[in-house]
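[1] sharing a model that was predicted from the sequence below.
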Amino acid sequence: MLTKEYTCTACPKGCKIEVEYEGEEIKDISGYSCMKGKEYVEDEFHDPRRILTTTVKIKQAKYPRLPVRTNTGVPKDRLDCCLDMLIKVELEAPVTIGDKVVEDVCSTGISVVASRSLEKKDR
Ligand code: SF4
């Protein structure tokens, strides 16, 4: 039997949770203080995901880059693909917070949205 240790990030308490597993199967989970923590490590073990936050190029705006984020967690093994794709994106102002700037990034079905608004720059 193998073990992995996780720090639960579902609340500030940060419980250390240990998972015992064989192959893809969880055999035991210990150290959690509530069911949120148990669900957190089950998700982390089977399908770890992260919200991706970064910036993309934008033309004709006050700033040269626009902060963006995914609208939900991206599978960890697709994060590099998403970053590679977003490096190539160039938008044009104006953009409004919440606007979809990329749909179905890396065929994940996940959208990338603007984290702030940027007006068109006055000339
Ligand atoms: S297991 Fe529960 S109490 Fe512990 S960090 Fe996670 S959410 Fe908080």
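    Thanks, I have the structure now.

[2] so residue 83 sits in a strand?
    No - with DSSP: H, G, I helix; E, B strand; the rest coil as the criterion, residue 83 is located in helix rather than a strand.

[3] which residue packs closest to it, ignoring adjacent ones?
    Closest residue to residue 83 apart from its sequence neighbours, by C-beta to C-beta, 6 or more residues apart in numbering: residue 54 at 6.5 Å. (C-beta placed from N, C-alpha, C; glycine too.)

[4] doesn't residue 65 make contact with that neighbour?
    No - with contact defined as C-beta atoms under 8 Å, residue 54 does not reach residue 65; the gap is 9.1 Å.

[5] so what's residue 42 up against?
    By C-beta atoms under 8 Å, 6 or more residues apart in numbering, residue 42 lies in contact with 26, 29.

[6] excluding its backbone neighbours, what's nearest the residue in the chain that the ligand sits nearest to?
    In the chain, the residue that lies nearest the ligand is residue 37 (2.1 Å; C-beta to the nearest ligand atom). Using C-beta to C-beta, 6+ apart and skipping residues adjacent in sequence, the residue nearest residue 37 is residue 8, 4.3 Å away.

[7] show the model's pLDDT score for the one you found.
    Looking at residue 8, its pLDDT is 97.

[8] what of the one 3 residues further on?
    At residue 11 the predicted local distance difference test score is 96.

[9] what about it, which SS state?
    coil.

[10] one step back: among residue 54 and residue 65, which residue is more densely surrounded?
    The residue with more neighbours, out of residue 54 and residue 65, is residue 54; 17 against 13, by other C-beta atoms under 10 Å.

[11] just the CA atoms of whichever helix or strand that one is part of, as PDB, please.
    Per DSSP states H and E: residue 54 is located in strand 53-59. C-alpha atoms of strand 53-59 as PDB (Å, rounded to 0.1, in the frame of the first residue of the first chain):
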ATOM      1  CA  THR A  53      -4.800  32.900 -13.800                       C
ATOM      2  CA  THR A  54      -2.400  34.700 -16.200                       C
ATOM      3  CA  THR A  55      -2.400  37.700 -18.500                       C
ATOM      4  CA  VAL A  56      -2.800  38.100 -22.300                       C
ATOM      5  CA  LYS A  57      -1.700  40.800 -24.700                       C
ATOM      6  CA  ILE A  58      -4.100  43.500 -25.500                       C
ATOM      7  CA  LYS A  59      -3.900  46.300 -28.100                       C
END
